[in-house]
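>>> here is my input; please provide its structure:
(2 chains)
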Protein chains: 2
Amino acid sequence: MKLDALYSELTLKTNAKLALVVLDGLGDIATLGQGEMTPLEAAHTPNLDALVAGGAAQGRMIPVAPGITPGSGPGHLALFGYDPLEFQVGRGVIEALGLGLELKAGDVAARANFCTLDAAGLVTDRRAGRIATEVCEELCALLAKKIKKVGDVEVIIEAGKEHRFVVIFRGKGLEGPLTSSDPNREGLPIATAKPEDPKSVGQKKTAKAVADFYKVALPLLAKHPKANGFLLRGIAHQPEIPSFEERYKLRPACLAVYPMYKGLAQLVGMTKIEGPQTIAEQFQRYLAEYDNYDFFFIHFKYTDKAGEDGNFEAKKRAIEDFDAALPILLEKRPDVLAITGDHSTPCSLMGHSWHPQPVMLTSAYSGSDKLDRFTETGANLGSLGVFEAKFLLRYMQANAKMFDKFGA
Amino acid sequence: MKLDALYSELTLKTNAKLALVVLDGLGDIATLGQGEMTPLEAAHTPNLDALVAGGAAQGRMIPVAPGITPGSGPGHLALFGYDPLEFQVGRGVIEALGLGLELKAGDVAARANFCTLDAAGLVTDRRAGRIATEVCEELCALLAKKIKKVGDVEVIIEAGKEHRFVVIFRGKGLEGPLTSSDPNREGLPIATAKPEDPKSVGQKKTAKAVADFYKVALPLLAKHPKANGFLLRGIAHQPEIPSFEERYKLRPACLAVYPMYKGLAQLVGMTKIEGPQTIAEQFQRYLAEYDNYDFFFIHFKYTDKAGEDGNFEAKKRAIEDFDAALPILLEKRPDVLAITGDHSTPCSLMGHSWHPQPVMLTSAYSGSDKLDRFTETGANLGSLGVFEAKFLLRYMQANAKMFDKFGA
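Residues are numbered from 1 along each chain as shown, chains lettered A, B, ... in the order given. Below is the predicted model of the structure:
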């Protein structure tokens, strides 16, 4: 990207400390019957309010593109300053990260579902009747015990929830993406996973490994009444993403609790700091690690969970819990602090959405938008306007005085 | 550019008069300790207020890209409707324009610094101890007297402030850019300025002219105790920029006091109107020239100067001086009037910044955003939103009814 090249050219190394605090799924929409307030508006947030009163710029961010609802992958890549349309991460890789698996460069990961096959080998249930997680774990343990390798390719199998699991293929010269082996509807046989680029030697090698895996795995499952087959989707290698540290001249650390977010941070080369379980502990650890890094990504999950559950009160309480812990972070106030979500998860939608998430940014140079609070409706009036989330990191760098002037 | 081509295709010639009034570095940020006001907010501006009350659209403009702080060159090119990433002007050209030098098509200009060399020819001070401007003028006069040409290439030398000067190479087939001869740190010899594109014949010819210039110039300086060498940077030719008049179907005139802004206007082919020294005189001259042009670029420097000095009171007063003169302009009110900055120069930063500058646009068709005043915080609420500065001229054309409908 021409613009990314310009940013790189202008980037200076400074001593500034930057913190990106992500309340997952923070954004919401004013909901009738809830006093037409969002959880952020309804929450009691004295510490956020004080932060805003001290001077902050606000705005709203489009995670990917107008109307597009992102998953956690694109949502976070954008927050890390990477164009989520340019840097796409396969579903298999995301699932593997979500299970806390360590991916190595060149690994190909696939998201797998157990399925039910009839005597003719046709798929009769693409989710194997949503078998219990324990059954899934047993079957995965069986497969993992019997299959360590196919040819010279190492195979790693990890159970997920219900019918879901992950398969990682590790070996020299492997490459994705492959087409899915999921026929996408019942009544058809398992499809053959094929190279998306027929000329790619690496994809051909991976396709052979997948076929070989099917050959040894299917007989092991044959007698199971429901889960006697499986489908692989999102078969892709870990993408090459430019290192965060090189791209921004910042030593980055990740303070997240859930594996998925640690994994996404790891994808761009952040150091994972393990241990903290609560937001207060995460902030405490930030204080302890303050001198060791320049950029802190701090992830808070519970706003998204409550939104997914459609639980307005729980989302409001999660925000209040977060607010109560915030003074710990401010004991060593970062030079640049941004607080936002990776996307909206409106309670009324019970899922991720496309609604621009609110963002607040405070630094010695952020100025003040003279708003009383940090809310969706307030952010509509802020000086940052509505902008693409991938630019937040650039604004953070600007506020850290990390950019040389462009042109004379 | 696809979009530029569309604009051109839709552009109609009309009799409208358009005025773009630029208060250099106008934008600022609300600063604690100043009642959290910006200079524009703190200033007493009855005439601007009346203009807004009469109906105006407001918004904020990103000069180049989110977080990027522009120099005057990119800042103004954007205001003139040219994408500052597409049309880049070298530092040598900008310096030459700033000294009031006339550049001809094909001229290659370099920004030069006197420097100090030790006996081995290594740079010991890249700025020659910041010699006095008079010394710089003497040395430039000496060089200019002794060196008129190198080979068939004419050389023009003009002193700037302190250790700075400009060298222009004029001759057939010259082309930039060349790499800098500045080694960028002390302890190294003067570098050789080389073609950035090794295949370019024009760049090779220019590199030879630069080398020849060094050969004759260095001996002339050899005995000076401090300024016995010089470094050339931003060695580039005047870029080819499509003519403003052809692009917009508007006859443009420039009413600026400082050479840099006259030069930038000249780059896009505006006619420079010489004479006026104060904003009142500039507006008077606008009245006198009203029938002779369709587009007036009127530049006011003192907001930027005060911002660079970190002088809040002076910036506020500069805005008030401007406001006091405004009724002169309104004696013949242009059909479309835009008032803005080329970038922000916040007093608290004492320099240019990335913060979007406020803009107001008034015409019979601008509508009213129902705001009381023209301020940064008010502009956040305006109907123009936050947009790239390069589109302001298109909005001005639209308000002048200069665009045919797109599609049926």
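
>>> how does chain A divide into domains?
Residue ranges for each domain of chain A read A:2-88+A:241-399, A:93-237, as given by automatic domain parsing.

>>> avg pLDDT for the longest one?
The pLDDT scores in domain A:2-88+A:241-399 average 96.

>>> that one: how far from the chain's middle?
Distance, stretch centre to chain centre, for domain A:2-88+A:241-399: 12 Å (Cα atoms, centre = their mean, to the nearest Å).

>>> about what we covered before: which one of the domains of chain A is the most hemmed in?
The highest mean neighbour count among the domains of chain A, using mean count of other Cβ atoms under 10 Å in any protein chain shown, belongs to domain A:2-88+A:241-399: a mean of 20. Placement of C-beta: from N, CA and C, glycine included.

>>> of all the domains of chain A, which lies closest to residue A:408?
domain A:2-88+A:241-399 (13.3 Å; Cβ to Cβ).

>>> before we move on, what SS does residue A:165 have?
When classified by DSSP: H, G, I helix; E, B strand; the rest coil, residue A:165 comes out as strand.

>>> ok, back up a step: export the domains of chain A as a markdown table, with columns for distance to chain B.
Output for the domains of chain A, formatted as a markdown table (distance: least, Cβ to the nearest Cβ, whole Å):
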| stretch | distance to chain B |
| --- | --- |
| domain A:2-88+A:241-399 | 3 |
| domain A:93-237 | 27 |
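
>>> redo those domains as a markdown table? Include distance to residue B:380.
Below are the domains of chain A laid out as a markdown table (distance: least, Cβ to Cβ, whole Å):
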| stretch | distance to residue B:380 |
| --- | --- |
| domain A:2-88+A:241-399 | 5 |
| domain A:93-237 | 37 |
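
>>> nearest to residue B:384, of those domains?
Of all the domains of chain A, the one in closest proximity to residue B:384, counting by Cβ to Cβ, is domain A:2-88+A:241-399 (10.1 Å).

>>> what about the strands in chain A?
For chain A, the strands defined by DSSP state E cover A:18-23, A:57-62, A:108-117, A:123-125, A:149-150, A:153-159, A:164-170, A:229-237, A:252-255, A:271-272, A:295-300, A:336-340, A:357-363, A:385-388.

>>> list the contacts for the residue nearest to residue A:316 when sequence neighbours are not counted?
Among residues not flanking residue A:316 along the chain, residue A:39 sits closest, at 4.3 Å (Cβ to Cβ, 6 or more residues apart in numbering or on different chains). Applying Cβ atoms under 8 Å, 6 or more residues apart in numbering or on different chains, we find residue A:39 in contact with A:28, A:303, A:306, A:307, A:312, A:315, A:316, A:318, A:319, A:347.

>>> ditto for residue A:123
Counting by Cβ under 8 Å, 6+ apart, residue A:123 touches A:115, A:116, A:117, A:183, A:186, A:187, A:188, A:189, A:190, A:229, A:231.

>>> if it is in a bridge, with which residues?
residue A:117 (DSSP bridges).

>>> check what pLDDT it gets.
Reported pLDDT for residue A:123: 96.

>>> kindly report the same for residue A:99.
Reported pLDDT for residue A:99: 88.

>>> surely it and residue A:158 touch.
Yes - at 5.1 Å, residue A:99 counts as touching residue A:158 under the criterion of Cβ atoms under 8 Å.

>>> common neighbours of these two, please.
Between them, residue A:99 and residue A:158 share the contacting residues residue A:166, judged by Cβ under 8 Å, 6+ apart.

>>> and residue A:240, how many neighbours?
When counting by other Cβ atoms under 10 Å in any protein chain shown, one arrives at 9 neighbours for residue A:240.

>>> quick check: the gap between it and chain B.
From residue A:240 across to chain B, the span is 25 Å (Cβ to the nearest Cβ, to the nearest Å).

>>> hey, where'd the helices end up in chain A?
In chain A, the helices defined using DSSP state H lie at A:2-10, A:39-42, A:46-53, A:72-79, A:91-98, A:133-146, A:201-221, A:244-248, A:259-267, A:279-289, A:302-308, A:312-330, A:376-379, A:392-399.

>>> now do the longest one against strand A:153-159, angle only.
When you say that, I think you mean helix A:201-221. Counting by axes from the mean of the first three to the mean of the last three Cα atoms, to 10 degrees, helix A:201-221 lies at 50 degrees to strand A:153-159.

>>> is it true that residue A:324 touches residue A:47?
Yes - using Cβ under 8 Å, residue A:324 is in contact with residue A:47, at 7.3 Å.

>>> still on that earlier bit, to residue B:281, which of the domains of chain A lies closest?
Of all the domains of chain A, it is domain A:2-88+A:241-399 that lies closest to residue B:281, at 33.8 Å by Cβ to Cβ.

>>> adding distance to residue B:18, write the strands of chain A out as JSON lines.
As requested, these are exported to JSON lines (distance: least, Cβ to Cβ, whole Å):
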{"stretch": "strand A:18-23", "distance to residue B:18": "42"}
{"stretch": "strand A:57-62", "distance to residue B:18": "30"}
{"stretch": "strand A:108-117", "distance to residue B:18": "58"}
{"stretch": "strand A:123-125", "distance to residue B:18": "67"}
{"stretch": "strand A:149-150", "distance to residue B:18": "71"}
{"stretch": "strand A:153-159", "distance to residue B:18": "65"}
{"stretch": "strand A:164-170", "distance to residue B:18": "62"}
{"stretch": "strand A:229-237", "distance to residue B:18": "53"}
{"stretch": "strand A:252-255", "distance to residue B:18": "48"}
{"stretch": "strand A:271-272", "distance to residue B:18": "55"}
{"stretch": "strand A:295-300", "distance to residue B:18": "45"}
{"stretch": "strand A:336-340", "distance to residue B:18": "39"}
{"stretch": "strand A:357-363", "distance to residue B:18": "35"}
{"stretch": "strand A:385-388", "distance to residue B:18": "25"}
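
>>> residue A:27 pairs with what?
Note on residue A:27: beta-bridge partners residue A:344, judged by DSSP bridges.

>>> verify the stated contact: it with residue A:342.
No - counting by Cβ under 8 Å, residue A:27 does not reach residue A:342; the two are 9.3 Å apart.

>>> hey, what's in contact with both of these two?
residue A:357.

>>> double-check residue A:348 against residue A:31; I have them as touching.
Yes - in this structure residue A:348 lies within contact range of residue A:31 using Cβ under 8 Å: 5.1 Å.

>>> still on that earlier bit, of the strands of chain A, which is nearest residue B:333?
Proximity to residue B:333 (Cβ to Cβ) singles out strand A:385-388 among the strands of chain A, at 29.7 Å.
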